[in-house]
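S.K.: structural data only, the sequence is not supplied:
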């Protein structure tokens with residue numbers, strides 16, 4: 001029922017704008033409005049704080065179905081979870097009530113600020129500093145590749161509070177867009193997900209109350225990594241959704257396109273491509289749903305499964321969307337058809353929240 005209702009909403013309110021959002025590189029406001037109106041923009045927020053209280057699997061299904069319609073739009077529920085999960089996992093009750101309530105109501109979005117110009121895969125090498133000043137912390141630094149930056153009201157920011165301790169000297173904070181000293185760079189010009197703004201976040205003597213620290217001092221990096229164990233599964237869901245959209249479109253196209261006097265779907269070469277696409281996509285979906293169940297239970301092997309789901313699903317999405325373009329032939333290569341957009345959107349799923357090379361390192365270190 002959840003899948004059917006989200007799919008119906010996406011078909012009616014998101015699909016009609018997906019091409020324009022990509023073409024114009026603009027934020028999908030129509031999608032945000034539709035998701036907020038149906039309480040699907042941040043389904044993961046617990047009921048205690050005014051949220052829908054959806055479990056990890058339900059959240060995955062929502063993201064998957066939105067991504068099937070528009071990759072950019074699926075980053076609304078996905079990044080709202082990414083940005084707010086550190087607060088859910090490690091924040092005080094005061095912080096949870098203060099920030100999860102507006103998120104659940106749709107009054108604010110939440111972004112995650114971990115990466116920096118010189119700290120990508122090596123996130124522990126970050127340079128952003130937070131210095132204690134009485135009842136405040138003062139933050140200085142630059143965060144890069146921040147999804148939905150400038151649109152989100154709240155940011156989970158990781159900053160170094162003790163430079164001598166490397167990863168154990170990193171703490172997490174909630175920074176608000178309206179805080180003095182917060183500003184944003186120009187939107188990045190990207191290959192795909194053009195409707196989701198990606199910008200640098202500049203922190204220039206940003207002075208915030210000490211109670212905005214998430215968890216204890218020095219626990220920020222551990223919270224960041226724990227967060228990614230859960231949220232990499234949402235990237236797997238995004239990848240599956242994009243791939244499903246491409247497969248569905250290609251499936252319809254090959255039954256209508258005629259060559260040599262018959263639909264190209266009658267040719268074995270085409271049939272084999274579709275079979276492989278569907279088989280790999282279903283394998284990715286099952287792995288992702290298993291990982292989501294482990295996320296909900298916080299199983300001991302979650303780190304492996306989160307990395308495996310993200311890595312496998314994103315590799316499959318790239319393959320499936322590329323094959324979908326191939327199945328449409330010359331038409332697939334034009335912007336008149338949605339599969340080239342899906343192929344471009346799929347690429348980022350192999351890169352963000354940890355490149356697939358890093359996912360393989362994570363898997364190898366956490367073999368079940």
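M.R.: On my side now, so go ahead. All values reported here derive from a predicted model rather than from experimental measurement.
S.K.: the closest residue in space to residue 325 that isn't next to it in sequence and residue 322: what is the separation?
M.R.: On the basis of CB to CB, 6 or more residues apart in numbering, the spatially nearest residue to residue 325 that is not a chain neighbour turns out to be residue 332, at 3.8 Å. Every C-beta, even on glycine, is put in place using the N, C-alpha and C of the backbone. Using CB to CB, to the nearest Å, residue 332 is found at 10 Å from residue 322.
S.K.: next SSE after the helix or strand containing residue 85?
M.R.: Element membership of residue 85 [criterion: DSSP states H and E] is helix 71-90. Along the chain past helix 71-90, the next helix or strand (assigned with DSSP H and E) turns out to be helix 93-105.
S.K.: report the buried residues of that following helix.
M.R.: 95-96, 98-105 (16 or more other CB atoms under 10 Å).
S.K.: same check, this time on stretch 257-274
M.R.: Residues of stretch 257-274 classed as buried under the neighbour-count rule (16+ other CB under 10 Å) are 264-265, 270, 273-274.
S.K.: need the residue closest to the centroid of the protein.
M.R.: With distances taken as CA atoms, centre = their mean, the chain has residue 78 as the residue nearest its mean C-alpha position (4.3 Å).
S.K.: pLDDT value on that one, please?
M.R.: Per-residue confidence for residue 78 comes out at a pLDDT of 98.
S.K.: ok, it - contacts?
M.R.: The neighbourhood of residue 78, defined by CB atoms under 8 Å, 6 or more residues apart in numbering, consists of 63, 231, 234-235, 237-238.
S.K.: just those: which are in helices?
M.R.: Among the contacts of residue 78, the ones falling in helices (DSSP state H) are 63, 231, 234-235, 237-238.
S.K.: dump the residues you listed into TSV; add neighbour count as well.
M.R.: Below are those laid out as TSV (neighbours: other CB atoms under 10 Å):
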residue	neighbour count
63	30
231	25
234	33
235	31
237	34
238	32
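S.K.: on that earlier part again, find the nearest non-adjacent residue to the residue nearest to the centre of the chain, please.
M.R.: By the measure of CB to CB, 6+ apart, the closest residue to residue 78 outside its immediate chain neighbours is residue 234, 4.4 Å from it.
S.K.: check what pLDDT the residue of the chain positioned farthest from its centre gets.
M.R.: In the chain, residue 261 marks the outermost C-alpha relative to the chain mean, sitting 44.0 Å out by CA atoms, centre = their mean. Here the pLDDT value assigned to residue 261 is 98.
S.K.: what distance do you get for it to residue 235?
M.R.: Here residue 261 is placed at a distance of 44 Å from residue 235 (CB to CB).
S.K.: cool, and residue 346?
M.R.: For residue 346, the distance to residue 235 - CB to CB - is 11 Å.
S.K.: common neighbours of those two, please.
M.R.: Among the neighbours of residue 346, those also in contact with residue 235 (CB under 8 Å, 6+ apart) are residue 314.
S.K.: what about residue 204, which SS state?
M.R.: The three-state label for residue 204, taken from DSSP: H, G, I helix; E, B strand; the rest coil, comes out as strand.
S.K.: check contacts around it.
M.R.: Contact criterion CB under 8 Å, 6+ apart gives 140, 181-183 as the residues in contact with residue 204.
S.K.: circling back: turn the buried residues of stretch 257-274 into CSV, columns for pLDDT, secondary structure and distance to residue 341.
M.R.: Conversion of the buried residues of stretch 257-274 to CSV gives the following (pLDDT from 0 to 100; DSSP: H, G, I helix; E, B strand; the rest coil; distance: CB to CB, whole Å):
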residue, pLDDT, secondary structure, distance to residue 341
264, 98, helix, 22
265, 98, helix, 23
270, 98, helix, 22
273, 98, helix, 20
274, 98, helix, 20
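S.K.: and which of those is nearest to residue 110?
M.R.: Minimum distance to residue 110 across the buried residues of stretch 257-274 is 38.6 Å, recorded for residue 274 (CB to CB).
S.K.: now do the same contact list for that closest one.
M.R.: Listed by CB under 8 Å, 6+ apart, the contact partners of residue 274 are 247, 250-251, 254, 265, 327.
S.K.: do a quick rundown of the helices in the stretch 151-300 of the chain.
M.R.: In the stretch 151-300 of the chain, the segments counted as helices under DSSP state H, counting those that start in this stretch are 220-256, 268-297.
S.K.: point out the most buried one among those.
M.R.: The highest average neighbour count among the helices of the stretch 151-300 of the chain, using mean count of other CB atoms under 10 Å, belongs to helix 220-256 at a mean of 25.
S.K.: same for that one, what does it pack against?
M.R.: For helix 220-256, the elements it packs on are helix 56-69, helix 71-90, strand 154-160, strand 170-176, strand 262-263, helix 268-297, helix 302-327, helix 339-347, judged by 3 or more CB pairs under 8 Å, 6 or more residues apart in numbering; DSSP states H and E.
S.K.: redo these as a markdown table? Include distance to residue 196.
M.R.: Supplementary listing: those in a markdown table, determined by distance: least, CB to CB, whole Å:
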| stretch | distance to residue 196 |
| --- | --- |
| helix 56-69 | 11 |
| helix 71-90 | 4 |
| strand 154-160 | 15 |
| strand 170-176 | 20 |
| strand 262-263 | 36 |
| helix 268-297 | 21 |
| helix 302-327 | 16 |
| helix 339-347 | 10 |
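S.K.: do you know which of these lies nearest residue 2?
M.R.: Within the helices and strands packed on helix 220-256, the stretch nearest residue 2 is helix 56-69; the backing value is 5.6 Å (CB to CB).
S.K.: from the contact counts, what lies against the closest one?
M.R.: Other helices and strands packing on helix 56-69, by 3+ CB pairs under 8 Å, 6+ apart, are helix 2-13, helix 71-90, helix 220-256, helix 268-297.
S.K.: just confirm residue 343 contacts residue 321, I think it does.
M.R.: Yes. The pair formed by residue 343 and residue 321 meets the contact definition of CB atoms under 8 Å, at 4.0 Å.
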